[in-house]
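> dropping a prediction and its sequence here:
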Amino acid sequence: MTKLLKTLSEEEKALFLRKKLEKGNVLFRENERCEFVGIVLSGSLKIVSYLSDGKEIIYNEPQAGQMFGNNLIFSSEPYYKGDIVCQNDAEIELISKENLLELLRRNPSFLTDYLQAQSDFTKDLNDKIKLLAISGAEERLLYYLNLHKSQITYDSITSLANTLFLERETLSRTISRMEAKRSILRQGKTIILL
């Protein structure tokens, strides 16, 4: 169970609604009002919009231990910016705004953990904004490697390209060039900055 939920009593845990979802299930739709903060217990989600040509824009990919809806629920415009879709079978906990406020008021440990998770989310968002500001593919990959202490492991070139906001082909060529220059080492699905 994620750190956020470890400090809760059984009574406090009852404020959450647990959901089990299968790969491909849509939990919430774009422009639907955000009524809950979610915590991913297992599996992963993606928050995604689709362009008219069918291309995906992935805003976020909450993994086990991460939250979603936390930046929207207290917003003046609390509407999802994309569909929330299960990338694989997932289990999540949902808590309404009213129950969350109650929990934040009465459990200082949960409040501290929630604020830390919120701060980490904001830091990650700022890292993503900086990544998008970098125009060159090689510079983006170098920046991402530096963010992750000079080593990254990825599921596929496509998923890494999506993370770096690059075309798959561009990233493949960039990795090949950087390997030839010996600025990186690729071992299976791990890239190490040399």
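Nice, thanks for sending it over.

> enumerate the positions of the top helix by length along the chain that are buried.
Looking across the chain with DSSP state H, the single longest helix is helix 108-133. By 16 or more other Cβ atoms under 10 Å, the buried positions in helix 108-133 come out as Phe110, Asp113, Tyr114, Ala117, Phe121, Leu131. Placement of C-beta: from N, CA and C, glycine included.

> do stretch 176-194 as well
Of the residues in stretch 176-194, those buried (16+ other Cβ under 10 Å) are Met178, Ile184, Ile191, Leu193.

> packing partners of the longest helix of the chain?
Packing partners of helix 108-133 (3 or more Cβ pairs under 8 Å, 6 or more residues apart in numbering; DSSP states H and E): helix 3-6, strand 67-68, helix 97-106, helix 137-147.

> separation between the closest residue to Leu104 other than its chain neighbours and Val40?
Once flanking residues are discounted, Leu104 sits nearest to Leu111: 4.9 Å by Cβ to Cβ, 6 or more residues apart in numbering. Relative to Val40, Leu111 is positioned 20 Å away (Cβ to Cβ, to the nearest Å).

> domain ranges for the chain, per the record?
Domains of the chain are assigned by automatic domain parsing as 3-132, 135-193.
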